[in-house]
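In: Sharing a model prediction with you, sequence too.
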Amino acid sequence: KPTPISLDKTGLALQEDLSKVTKEFLKLKHNLELEGKNGLQKGWDVVRQLLTTSRAIQTSYDLSGFGRQGALELYSHPILGAKALLKSVKAFVSSKGNRKVWLELKERRNFDLYEKAGLFLVDPDEYSLTKMEEDYMSRWIDLASDYKPFKNKDGKANWAFRNTFGLGFRSVRASGRAYVSMLNVLRANVLDGMIEADRKSGTLDEKKTKLEANFINVATGRGHVVGGGEGGVTANAFFFSPRLLASRLEYLVGAPLVHSFAEEKKSGDLGWDSATRRIATEYLRTAATTSTLVLLASIAGAEIEDDSRSSDFMKLKWGHQRIDIFGGLLQVVVILSRLIKGSTKTIAGDGGESKIKRLRGPDTDRFENWMTVLGRFIRSKANPAVGAVINIGSGEDMVGEETTLSKELLNAVTPMVLGDAVDSFKDDDIGAAQKALGAFAAVMGTGVNTFDVTAKKEEAAAERAAEKANEKPLSRQDKAKAAREKKRAAREKKRSQ
């Protein structure tokens, strides 16, 4: 069992001082390495930091380590997940609490095995981007949190800056601490259980632990990308969470299970106490929990879509609110289903009917085919800053809503959880309990979307009717407005696909 470390206030203060010195050393080392690079490489480092910092701000204030990256293993081990959540709260409250959580991990009996097996854990002092969690892969957050722009004796200007602008960055940094600690502790807890089971059966060995650690990494959002560490950093600058996307694809096709089976079959280690059997058990536990949750939601009145070509597939739908409890797995299922089957299912409005649209063949709409569907999927996975550039260039966002530079800049510094929670409470078609559930799910990092397909269709129809009934010729401004509304209504249909 884990052995917690006991440190008094003085001990924790010394560890905190050591942490600051370590970070300063790593920062100086990075700066020296940066000085040896050419102008193009330095410019790329600035651009990369700008892109990842914006994403860190947008993903802050929720517990996505709990409800998204860690969701699949949370369903397999809810008690271990709850314990990890409590540790993440301690990390959120203070950097000293975060330091204590990390020290407790390092004092565990199996910590050396974690490292040898390749279990992905993030040291709070880490400065290398390749060893950070992708949602908070930013050095600028730390710099901005403690930045002192004014040189004066009394320090009042710096105090004001620190408690306004700096406060926002410190809260983002606190969110990052909670996120990292949550995943660190969850991964260690799950692997501890497997290692202790291996010890009891007398089958513990480094090779087996590596197979188990690989599964845990994949199940908690740490997938494999081309180019390894540097490849992940580069991909992270252009896409929202490339390793999470890769991990969900790997998990869906059973890559960790197949890899374990192949390795243990080769070495003759297949059996009841094999890593393959333990990994298969993890899959079954997660499937059982999610199936139970979907069943309970259905009993509670939620609508459940069973067609994998629909974007509502297996989501818990009350009114216009949709909750995705599968931690990013469903998006991969839906896009693969659409591409393989060559068709898509639209979302029906209130009282309407869904439609099946072909994506291949002679009767396919040239604006709605497998290439456009795949293109929208890729765009939906873009880094928010990259998506903002595309939106500004086209004048509208991904779902056809008109956008502006000021709107995109505001979105770049607004945490997504706030919009999700507010949208949930705005839905008048659901009760207070469902609204609260949606807001709670958003805070826990679970995917929550609230939008009304019917209202958009009716708005567009009313605009067309008003234009038709108008006896006077429409002005240039009115024509432009009507054209935008029509275009938005058309794009809203695509949003539901």
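Out: Done, it's in.

In: which ones are touching Y136?
Out: Shown in contact with Y136 (Cβ atoms under 8 Å, 6 or more residues apart in numbering): 56, 59, 175-176, 179-180. C-beta coordinates here come from the backbone N, C-alpha and C atoms, glycine included.

In: For it, give me the pLDDT.
Out: If you check Y136, the pLDDT there is 80.

In: ditto for S247
Out: 96.

In: residues in contact with it?
Out: Contacts of S247 by Cβ under 8 Å, 6+ apart are 217-223.

In: So which of those residues are in helices?
Out: 217-219 (DSSP state H).

In: Scan these and report the most crowded one.
Out: A219 (30 neighbours; other Cβ atoms under 10 Å).

In: Might one say that that residue is in contact with E282?
Out: Yes. If you go by Cβ atoms under 8 Å, A219 and E282 touch, sitting 6.9 Å apart.

In: Now do the strands in the stretch 201-350 of the chain.
Out: 316-318, 321-324, 343-345 (DSSP state E, counting those that start in this stretch).

In: wait, which of these is closest to M137?
Out: For M137, the closest of the strands of the stretch 201-350 of the chain is strand 321-324, at 23.8 Å, according to Cβ to Cβ.

In: Show the secondary-structure elements that the closest one is packed against.
Out: Applying 3 or more Cβ pairs under 8 Å, 6 or more residues apart in numbering; DSSP states H and E, we find strand 321-324 packed against strand 316-318, helix 432-443, strand 447-450.

In: Would you check the distance separating the first one from the middle of the chain?
Out: Spelled out, it's strand 316-318. 21 Å (Cα atoms, centre = their mean, to the nearest Å).

In: Remind me what that strand packs against, helices and strands.
Out: Right, strand 316-318 is packed against strand 321-324 by 3+ Cβ pairs under 8 Å, 6+ apart.

In: Name the residues of the longest helix anywhere in the chain that are buried.
Out: Secondary structure assigned by DSSP H gives helix 165-201 as the longest helix of the chain. For helix 165-201, the neighbour count (16 or more other Cβ atoms under 10 Å) marks 166, 169-192, 194-195, 198 as buried.

In: Check stretch 247-257 too.
Out: So for stretch 247-257, counting by 16+ other Cβ under 10 Å, buried means 247-251, 255-257.

In: Just these: which are in helices?
Out: Per DSSP H, helices hold the following members of the buried residues of stretch 247-257: 247-251, 255-257.

In: residue ranges with poor pLDDT in this structure?
Out: 1-9, 11-12, 15-16, 30, 147-159, 161, 349-352, 399-400, 452-497 (pLDDT under 70).

In: And D306, how close does it get to K210?
Out: Separation of D306 from K210 (Cβ to Cβ, to the nearest Å) stands at 38 Å.

In: okay, these two: which has more neighbours?
Out: The neighbour count for D306 versus K210, taken as other Cβ under 10 Å, is higher for K210 (18 against 8).

In: how much space between the residue nearest to that one when sequence neighbours are not counted and H77?
Out: Spatial nearest neighbour of K210, chain neighbours left out: A117 (4.7 Å); criterion: Cβ to Cβ, 6 or more residues apart in numbering. Distance of A117 to H77, computed by Cβ to Cβ: 18 Å.

In: again, but for A382
Out: 33 Å.

In: again, but for R379
Out: 35 Å.

In: So for these two, which residue has more residues nearby?
Out: H77 (20 against 13).

In: how about that one, what does it touch?
Out: 189-190, 193, 285.

In: and if we set it to 10 Å?
Out: Counting by Cβ atoms under 10 Å, 6 or more residues apart in numbering, H77 touches 70, 83-84, 186, 189-190, 193, 282, 285-286, 289.

In: if we can go back for a sec, tell me the one of the buried residues of stretch 247-257 nearest R338?
Out: L249 (14.8 Å).

In: Quick check: closest non-adjacent residue to the closest one.
Out: Closest residue in space to L249, ignoring its immediate chain neighbours: V332 at 5.4 Å, by Cβ to Cβ, 6+ apart.

In: And the residue nearest to L359 when sequence neighbours are not counted, how close does it get to I335?
Out: Closest residue to L359 apart from its sequence neighbours, by Cβ to Cβ, 6+ apart: W370 at 4.2 Å. Distance of W370 to I335, computed by Cβ to Cβ: 10 Å.

In: Equivalent analysis for L105, please.
Out: If you go by Cβ to Cβ, the gap between L105 and I335 works out to 36 Å.

In: measure S60 to E107 for me?
Out: 29 Å.
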